[in-house]
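Asks: Got a predicted structure here, sequence first:
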Amino acid sequence: MPETTTGALIYQILELLPFLKELPEFLHIPMLMFVTGLIPVTVISLVGLVGVYMERKVSAFMQIRLGPMEYGPWGTLQTLADGIKLMGKEDIIPREADKPLFILAPIAAFVGVFLLFIAIPFDRDIIVVDLNVGIFYLAAVASIEVVGIIMAGWASNNKWSLLGAMREAAQVVAYEIPVGICLVTVVIVSGSFSMVDIVEEQKGLFLNWFIFRNPVMWVVFIAFIIASLAELKRAPFDLPEAESELVSGFHTEYSGMRFSIFFIAEYGAMFVASALIAILFLGGYYTGIPFLDNIDGILGILIRVGALFGKAFAFLFLQMWIRWTLPRIRLDQMFYLCYKVLVPFGFVAMIITAFWQMVLPGDGFMSLGWAPGLGK
Amino acid sequence: MSFYEGLLFYLLAATAVLPGVMILFSRDIVHAAFWLLASLAGVAGLYLYLGADFLGFTQVMIYIGGIMILIIFGLMVTHKQKISLSQLAQKRLLVPAVITGGIILTALLYVINKTTWKPTASEEMEPTSADIGYLLMSDYLLPFEIASIVLLVGLVGGVYIARRKEREA
């Protein structure tokens, strides 16, 4: 096999699928690319499937309804049925639309989300590539989805779509600043850009999690949750879609599979944001109970992957809870919240964190002498 | 260089160059902007290919995430109808265009001739972000600070212009 600098996941795949080694030499790299590419696509699709069902059930329970109940037990097959329906629909492209951009837009949005999954660690070794600039990579790649949405808004040649796309551009460019500040604060604490290093730094008792590292980290944590909601254009920041004003914003003209690709990309991005909150502040794939984290073998892997998915789905639920509780905020309120609330609070928390790291390097509260012997 | 490294290089180089050519031939100004985006993405890929991971992702973040979105945003705000580039390309602009193009071409050729090229990438992929950080905070601290002051001046100027219009209105 050729030597690769990519993550350990590739080697694990080779262990699981020995017939890959039997293939002729020149097919190795394409096969590895195909297999490693298949994993994020599968995870995104499954998360989309579960996420859409969850959204419907959560919204139904919040409004004292039952939600989908027809297909499968408790309506669990409803999303699958919808998917089949969407695939059977006629592929409509408006006559006046910009055809190549109209077709390219959902693909660009999906590629943006696909690239995000590459740097998410589900376990120490279950990560497609552990880039040494992992967190910076995520911040950079997160903007590609926006390109797809702006493309959709422009190509539809429809004023609602264009207005939605312009709102999206303004909102995302504005909220990149608080998100960036939160990420820098986490990097100051962890001392590394690598996603695996960030999680490994939080190993041990749950007091080691970054949210408990210093007295202002919870401010960063809340700022990151709010800013990520805005980056995801989820309610109460769903101005680019705003059904009551813009029909349905940038995807007004989309139907069938193209529409559902936007939808799957949105749920994929929601999952990545939830997983990121867990990874950056709440110990990632560690449960926070040392004896559970020290289990080796397949059981340990299951516990750690389960811990990450559990935390991520908890935040997915939080996003839905917020969506079905709060009304949409106005455009000026959205900018006020970003520039006059999140940015100043973020900067102050970042400066305090930097000084805290200089005075008390290491484990934060743990190094103050509390809870002796419970550290790493 | 193995077969796949070569293939990767030529794919990335094509992604950087072909959209650049397409900018010149596209009729719609928004299409030209999206072609520029593709070209910049190709350049980012070339940086990554050469092992400059931090530089490559900075290129994606600044150009694709920031500048290109703002350019497209500006085009959407200012052009209600589709504007063809042939409409913009008028004969009276020929002489200034040739002069500007000539100056840029000469400067580029001069730089290309002056540079000592290292045709092979370093064998080992080494992390660059830590070194960049140390250099910015030690040897290149003054340029770094000057760049931040330039940005601050731009920010203050932007706020001032926006506020003045508000008072006049």
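Replies: That came in fine, so what should we check first?
Asks: List the contacts of whichever residue of chain B sits closest to chain A.
Replies: Proximity of chain B to chain A (Cβ to the nearest Cβ) peaks at residue B:65, 2.9 Å away. Every residue, glycine included, has its C-beta placed from N, CA and C. Applying Cβ atoms under 8 Å, 6 or more residues apart in numbering or on different chains, we find residue B:65 in contact with A:140, A:142, A:143, A:144, A:146, A:176.
Asks: Mind listing what's buried along stretch A:179-192?
Replies: Residues A:179, A:180, A:181, A:182, A:183, A:184, A:185, A:186, A:188, A:189, A:190, A:192 are the ones in stretch A:179-192 that count as buried (16 or more other Cβ atoms under 10 Å in any protein chain shown).
Asks: In strands, which of the residues you listed appear?
Replies: Cross-referencing those against strands under DSSP state E gives no overlap.
Asks: pLDDT value on residue 7, please?
Replies: You didn't say which chain, so I picked chain A. Note for residue A:7: predicted pLDDT of 49.
Asks: nope, chain B
Replies: With respect to pLDDT, residue B:7 has a value of 82.
Asks: and it, how many neighbours?
Replies: 12 (other Cβ atoms under 10 Å in any protein chain shown).
Asks: Which strand or helix spans it?
Replies: Assigned by DSSP states H and E, residue B:7 falls within helix B:3-25.
Asks: out of the contacts of residue B:65, who's near chain B?
Replies: For chain B, the contacts drawn from the contacts of residue B:65 by Cβ under 8 Å from any Cβ of the partner chain are A:140, A:142, A:143, A:144, A:146, A:176.
Asks: quick one: which of these is nearest to chain B?
Replies: residue A:143 (2.9 Å).
Asks: on that earlier part again, C-terminal to the helix holding residue B:7, which secondary structure element comes first?
Replies: helix B:29-49.
Asks: which residues touch that next one?
Replies: Contacts of helix B:29-49 (Cβ under 8 Å, 6+ apart): A:98, A:101, A:147, A:151, A:154, B:8-9, B:12-17, B:19-20, B:22-23, B:26, B:53, B:55-57, B:59-60, B:63-64, B:68, B:71-72, B:75-76, B:79, B:82-85, B:88, B:121.
Asks: CA atoms of it as CSV?
Replies: The C-alpha trace of helix B:29-49 is given here as CSV (Å, rounded to 0.1, in the frame of the first residue of the first chain):
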residue,chain,number,x,y,z
ILE,B,29,-21.1,39.3,-14.7
VAL,B,30,-22.4,37.0,-11.9
HIS,B,31,-21.1,34.0,-13.8
ALA,B,32,-17.8,35.7,-14.0
ALA,B,33,-17.8,36.2,-10.2
PHE,B,34,-18.6,32.5,-9.6
TRP,B,35,-15.8,31.5,-12.1
LEU,B,36,-13.4,33.7,-10.0
LEU,B,37,-14.5,31.8,-7.0
ALA,B,38,-13.7,28.5,-8.6
SER,B,39,-10.3,29.8,-9.7
LEU,B,40,-9.5,30.9,-6.1
ALA,B,41,-10.5,27.5,-4.8
GLY,B,42,-8.1,25.9,-7.2
VAL,B,43,-5.3,28.2,-5.9
ALA,B,44,-6.2,27.1,-2.4
GLY,B,45,-5.9,23.5,-3.5
LEU,B,46,-2.4,24.2,-4.9
TYR,B,47,-1.3,25.6,-1.6
LEU,B,48,-2.6,22.5,0.2
TYR,B,49,-0.8,20.3,-2.4
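Asks: Per-residue pLDDT of the residue of chain B closest to chain A, please?
Replies: 80.
Asks: circling back: quick one: buried residues of the helix holding residue B:7?
Replies: Buried, per 16+ other Cβ under 10 Å, within helix B:3-25: B:8, B:9, B:12, B:15, B:16, B:19, B:20, B:22, B:23.
Asks: And the pLDDT for the fifth one?
Replies: As summarised for this prediction, residue B:16 has a pLDDT of 87.
Asks: Skipping adjacent residues, who's closest to it in space?
Replies: Spatial nearest neighbour of residue B:16, excluding adjacent residues (Cβ to Cβ, 6 or more residues apart in numbering or on different chains): residue B:42 at 3.2 Å.
Asks: quick one on the thing from earlier: surely the residue of chain B closest to chain A forms part of a helix?
Replies: Yes. Counting by DSSP: H, G, I helix; E, B strand; the rest coil, residue B:65 is located in a helix.
Asks: Show me what from chain A comes close to chain B.
Replies: Counting by Cβ under 8 Å from any Cβ, the residues of chain A near chain B are A:2, A:5, A:26, A:29, A:98, A:101, A:131-133, A:136-137, A:139-144, A:146-147, A:150-151, A:153-154, A:162, A:165-166, A:169-170, A:172-173, A:176, A:193.
Asks: Selecting buried members of the residues you listed in ChimeraX, what would you type?
Replies: Entered in ChimeraX, the line below selects the buried ones among the residues of chain A next to chain B, by 16+ other Cβ under 10 Å:
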select /A:29,98,101,131,132,133,136,137,139,140,141,142,143,144,146,147,150,151,153,154,162,165,166,169,170,172,173,176,193
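Asks: ok, back up a step: by contact count, what packs against the helix holding residue B:7?
Replies: When contacts are defined as 3 or more Cβ pairs under 8 Å, 6 or more residues apart in numbering or on different chains; DSSP states H and E, helix B:3-25 packs onto helix B:29-49.
Asks: average pLDDT across the helix it packs on?
Replies: 86.
Asks: ok, now stretch A:52-63?
Replies: Mean predicted confidence for stretch A:52-63 is 89.
Asks: in stretch A:214-229, what counts as buried?
Replies: Neighbour-count burial for stretch A:214-229 [16+ other Cβ under 10 Å]: A:214, A:216-217, A:219-229.
Asks: Sorry, wrong one. I was asking about stretch A:229-249.
Replies: A:229-242, A:246-249.
Asks: From the buried residues of stretch A:179-192, pick the one nearest residue A:54.
Replies: Residue A:54 lies nearest to residue A:179 out of the buried residues of stretch A:179-192, by Cβ to Cβ, at 24.3 Å.
Asks: Which segments of chain B make up each domain?
Replies: Annotated domains of chain B cover B:1-86, B:130-169 [automatic domain parsing].
Asks: so of those domains, which one's packed in deepest?
Replies: With neighbours taken as mean count of other Cβ atoms under 10 Å in any protein chain shown, those reach their highest mean count in domain B:1-86, at a mean of 17.
Asks: Leaving out the residues flanking it, which one is nearest to the residue of the stretch 251-376 of chain A found nearest chain B?
Replies: Proximity to chain B, evaluated over the stretch 251-376 of chain A using Cβ to the nearest Cβ, is greatest for residue A:339 at 10.8 Å. For residue A:339, ignoring the flanking residues on the chain, the nearest one in space by Cβ to Cβ, 6+ apart is residue A:174 at 7.0 Å.
Asks: Residue A:260 contacts residue A:86, doesn't it?
Replies: Yes. Contact criterion Cβ atoms under 8 Å: residue A:260 and residue A:86 qualify, at 4.6 Å.
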